[in-house]
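In: Here is my input; please provide its structure:
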Amino acid sequence: MSTAGDVGGVVWNVIQQAQIERLDNTTDGLRENLAQQQADTQAAKHLEERVAYLALISRALFELLQEKSGVTERELAAKITEVDLRDGKADGRMTPQPKKCPSCQSMMAPRFNRCLFCGYRDQTADPFNTVK
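Out: So this is what the prediction gives:
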């Protein structure tokens, strides 16, 4: 024979267990978020290092070009603007434009050097804008 106190104790234990499980789930979620945040931070750091290295390479290449040919920084700036405007926007990016596949007339994604519909390979694709 159970008493009201026993039933109350069982209910209390069930409520406590549910709260503990909820806290465990929250803790697991926070750990996963922290791990993802750490991975994202590492990826961002890696990208920053790559950009800095590419900037160093670009500077060294320009200085070599300047020494060998006499190209000025003003000419470089004008060329940068010209290349930037090729896609119709002065946004500091080279955004390749899609074009029609000569084989099937489907629009070809500018990042690939082939048609995703018929497999045609574009031998004239810009190597700076394609994915291997």
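In: right, and the helix or strand after the lengthiest helix in the chain?
Out: In the chain, taking DSSP state H as the definition, the longest helix is helix 4-69. Tracing the chain C-terminally past helix 4-69 and defining elements by DSSP states H and E, one meets helix 73-85 next.
In: So what's the gap between that following helix and the chain middle?
Out: Put simply, helix 73-85 sits 26 Å off its chain's centre (C-alpha atoms, centre = their mean, to the nearest Å).
In: Let me know the angle separating it from helix 4-69.
Out: 130 degrees (axes from the mean of the first three to the mean of the last three C-alpha atoms, to 10 degrees).
In: Outline the domain layout of this protein.
Out: Taking automatic domain parsing as the reference, the chain has its domains at 4-93, 96-132.
In: what's the most buried one of those domains?
Out: Ranked by mean neighbour count, the domains of the chain are led by domain 96-132 with a mean of 13 (mean count of other C-beta atoms under 10 Å). The C-beta positions use only the backbone N, C-alpha and C, and glycine is treated the same way.
In: Flag the shaky bits of the protein, pLDDT-wise.
Out: Where the chain drops to pLDDT under 70, the residues are 1-5, 129-132.
In: what sits against residue 109?
Out: Residue 109 is in contact with 98, 116, counting by C-beta atoms under 8 Å, 6 or more residues apart in numbering.
In: just residue 110 next, same as before
Out: 96-99, 129.
In: Quickly find the element holding it.
Out: Residue 110 is part of no helix or strand when elements are defined by DSSP H and E.
In: Now do the residue nearest to it when sequence neighbours are not counted against residue 121, distance only.
Out: The spatially closest residue to residue 110, leaving aside those adjacent along the chain, is residue 96, at 3.4 Å (C-beta to C-beta, 6 or more residues apart in numbering). Distance, residue 96 to residue 121, by C-beta to C-beta, to the nearest Å: 16 Å.
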